[in-house]
Every structure is written in structure tokens, then in C-alpha cells.
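Engineer: here you go, sequence then predicted model.
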Amino acid sequence: MRCWWDWLKRLAWTALEYGQHWQAGEFADAVEADIEHAQRLDITGVAFFEFNGKYGVSGAQPVEAFLEVLHRTWAELPDRAVITIP
């Protein structure tokens, strides 16, 4: 399982570099946009997972809840949809 630190290493940032970017306010617009999006959807807590802008799973849910949403989302994708995972 990957943790946030592995993700940052993939971006070639050290914790110090990440902190410098954060303190410089480089993420402020993205964070504000996420907060506004969550407020529009009436999301009041974490964890919340949004799928394809249409479905959401809130809180600690069993694997089956995620699988149901993933299957439903996948079934609604166009036939030639391509999903890329970096």
C-alpha cells in the first residue's frame, strides 16, 4: 500500500520541498476549490470518495460499497473509455 510519502517521492519532492511549496501558498487555490466543491455537495466529513463526479461513498465503508460504486461507474463509461493510472 502506498502512503502519501511514496506519492511525494514519485513527484521527486522531499518533505522540506513540500513544506516550502505549501508555505508559499502554491496549493491555496486548489485547496480552496476542493473546499468549495465539498460544500456544494454538502460533504461535512472525511473520508469521502467521489466517483466520476456522480457517486460518493462517505466514511469507513465495507469493500462491497466501493465495489458496487466502481461497477456502476464502469458500466456507465463509454465503450471506448480508457483509464490511465499514473
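Structural biologist: That came through fine. Residues are numbered from 1 along each chain as shown.
Engineer: so for the host helix or strand of Glu17, what's the average pLDDT?
Structural biologist: Assigned by DSSP states H and E, Glu17 belongs to helix 15-23. Taken as a whole, helix 15-23 has a mean pLDDT of 81.
Engineer: do the same with stretch 46-59
Structural biologist: 87.
Engineer: so which bits of it are buried?
Structural biologist: Val57 (16 or more other CB atoms under 10 Å). Just so you know, the C-beta spots here come from the backbone N, C-alpha and C atoms, and that holds for glycine as well.
Engineer: please state the offset of that stretch from the chain centre?
Structural biologist: 9 Å (CA atoms, centre = their mean, to the nearest Å).
Engineer: and the closest residue to Asn52 other than its chain neighbours, what does it touch?
Structural biologist: Among residues not flanking Asn52 along the chain, Thr73 sits closest, at 4.8 Å (CB to CB, 6 or more residues apart in numbering). With contact set as CB atoms under 8 Å, 6 or more residues apart in numbering, Thr73 has these partners: 51-52, 54-55.
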